[in-house]
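Enquirer: okay, predicted coordinates and the sequence, questions at the end:
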Amino acid sequence: MPTRHPRSVPDVLDAVIIGAGVVGAACAYYAGRSGLSVAVVDRGPVAGGTTGAGEGNLLVSDKEAGPELALALLSTRLWRELAATLPPEIEYEPKGGLVVAADETALTALRAFAQGQRTAGTEVREIAADALGDLEPHLAPGLAGGFHYPQDAQVQPAAAAARLLRASGARVRLGEEVTALLTGPDGAIRGVRTTQGELHAPAVVNATGTWGGHLAALAGAPLPVLPRRGFVLVTEPLPRLVRHKVYAADYIADVASGSAALQSSAVVEGTPAGPVLIGATRERVGFDRTLSTEALRRLAAQAVALFPALAEVRAIRAYHGFRPYLPDHLPAIGPDPRVPGLHHACGHEGAGIGLAPATGLLVAGALNGERPALDLEPFRPDRFEKPAGPDRSDRSAGPDHSGPAGGDAR
């Protein structure tokens, strides 16, 4: 875990990053490497929110050609670089992904999806039905085929966040709630007020995950971030039953869906420690933490359909978290033109762990006034604003959150 620094800090920092999840940690890491002086503030512990409830997925396989895939491909390269420099306890494992199709209709759709990804630079190859067993010997028979994505990988998300923070050199202030953003007479950011005092900086980064809308509202810059709940099942430790990240084609549709109803499509993967992780469900129920037996039942049934041997395996626990959802399924990254000095790094939904390094690199570049490595236009924080007109009554004001800012970001 990063060292907690004394409350005394320089009078003026270069930036204050709010949120000590993996996205905030990546922002701090790349900002620190570029020579900026930053503080990271969080009302809870490191990885105390969505990051700590994540599986650690680093996926390109579920992203169609477009801005999010470009972000994922950049992050894939950065995660490989980080794995070579950060300690082994981040458990970086380039295991690859396998997406399978139950029938020819699904296989045809996957083929078209993969072709678009291939054109964008993704490594992917089609696997015939009779060759699936070479990659996954315990996979259910009768599948029509699949696609192998060697760039898919995994990390231990909480460990990764902690190690990124430690390597960043940032001043980490935990258990400290941000209560207000400080601005000057011109409306530009001048720092933050917390329960422990004030931090002065010309830039503030909103890396608060599911609380990104609340923090944006404090700044007067609405951002419609909503929590999207998801459950994960964990089995007893096993010999390596599942070699890759394995999921059925309908998982891709679930990721892209905007439905608030319960959706489930099992993603099954082994871990170095032995347990098999089974995700993922999606539903918008606010911050309701009630255990959903229906969600767990669906996950178990879908996992057994992919790997029949799991029918005899015990599930020893389940956990859940909340993904920071934005309506167009793209994160908000970069400077907010409505509030000079305010930057966003939130709204990654279930892809924040995978997209964290690219997000951190882009935010650090923006803080330094550099030309971005990717086009930031699709990720503009103000893209949900309606054009100016006589009727602004339904303009989004962000989610109705009852808690304070300073949370975690997946």
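Expert: Structure received. Numbering: from 1, shown residues only.

Enquirer: all contacts plus neighbour counts: C-alpha atoms, from now on.
Expert: Fine.

Enquirer: in this structure, what secondary structure element scores lowest on mean pLDDT?
Expert: In the chain, the helix or strand scored least confidently by mean pLDDT, DSSP states H and E is helix 250-256, which has a mean of 71.

Enquirer: beta partners of the nearest residue to Arg289 once chain neighbours are set aside?
Expert: Of all residues not flanking Arg289 in the chain, His320 sits nearest, at 7.9 Å (Cα to Cα, 6 or more residues apart in numbering). With DSSP bridges as the criterion, His320 is bridged to Phe231.

Enquirer: make 11 the starting number, not 1.
Expert: All set: I'll call the first residue 11, so the last point we hit is now His330.

Enquirer: does His330 really touch Gly62, like I thought?
Expert: No: using Cα atoms under 8 Å as the test, His330 is too far from Gly62 to be in contact (9.6 Å).

Enquirer: quick one: the residue minimising distance to the centre of the chain and Arg333, what's the gap?
Expert: Nearest residue to the geometric centre of the chain (Cα atoms, centre = their mean): Gly362, 1.2 Å. Distance of Gly362 to Arg333, given as Cα to Cα, to the nearest Å: 9 Å.

Enquirer: ramachandran angles for Gln166?
Expert: Main-chain torsions, Gln166, degrees, to the nearest 10: phi -90, psi 110.

Enquirer: now do the same for it: its pLDDT.
Expert: Among the per-residue scores, Gln166 holds a pLDDT of 95.

Enquirer: hang on, the earlier thing: and the residue nearest to Arg299, how far from Glu101?
Expert: His330 is 21 Å from Glu101, by Cα to Cα.

Enquirer: now swap in Glu322 and tell me
Expert: On the measure of Cα to Cα, Glu322 and Glu101 end up 27 Å apart.

Enquirer: more neighbours: which of the two?
Expert: Neighbours around Glu322 and Glu101, counted as other Cα atoms under 10 Å, are more numerous at Glu101. The numbers are 19 against 8.

Enquirer: give me the nearest residue to the more buried one, chain neighbours excluded.
Expert: Computed as Cα to Cα, 6+ apart, the closest residue to Glu101 that is not its neighbour in sequence is Val165, at 5.1 Å.

Enquirer: that neighbour is in contact with Pro98, isn't it?
Expert: No: contact between Val165 and Pro98 fails when scored by Cα under 8 Å: they sit 9.9 Å apart.

Enquirer: which one of those two has more residues nearby?
Expert: Each of Val165 and Pro98 has its neighbours counted (other Cα under 10 Å); Val165 has more, 24 against 12.

Enquirer: quick one: contacts for that one?
Expert: Contacts for Val165 (Cα atoms under 8 Å, 6 or more residues apart in numbering) come out as Gly66, Asn67, Leu68, Ile100, Glu101, Tyr102, Glu103.

Enquirer: so which of those is the most crowded?
Expert: When neighbours are counted by other Cα under 10 Å, Leu68 leads these with 27 neighbours.

Enquirer: wouldn't that one be in contact with Thr86 here?
Expert: Yes: assessed by Cα under 8 Å, Leu68 is found in contact with Thr86 at 7.4 Å.

Enquirer: between those two, which contacts overlap?
Expert: With Cα under 8 Å, 6+ apart as the test, Leu68 and Thr86 both reach Gly364.

Enquirer: list the contacts of the spatially closest residue to Pro104 that is not a sequence neighbour.
Expert: Leaving aside its sequence neighbours, Pro104 sits nearest to Ala163 (Cα to Cα, 6+ apart; 4.2 Å). Contacts of Ala163 were listed using Cα under 8 Å, 6+ apart, and they are Asn67, Leu68, Leu69, Tyr102, Glu103, Pro104, Lys105, Gly106, Gly107.

Enquirer: how about 10 Å then?
Expert: Contact partners of Ala163, counting by Cα atoms under 10 Å, 6 or more residues apart in numbering, are 66-70, 86, 89-90, 102-107, 254-255, 364.

Enquirer: what's the separation between it and Thr300?
Expert: Taken as Cα to Cα, the span from Ala163 to Thr300 is 30 Å.
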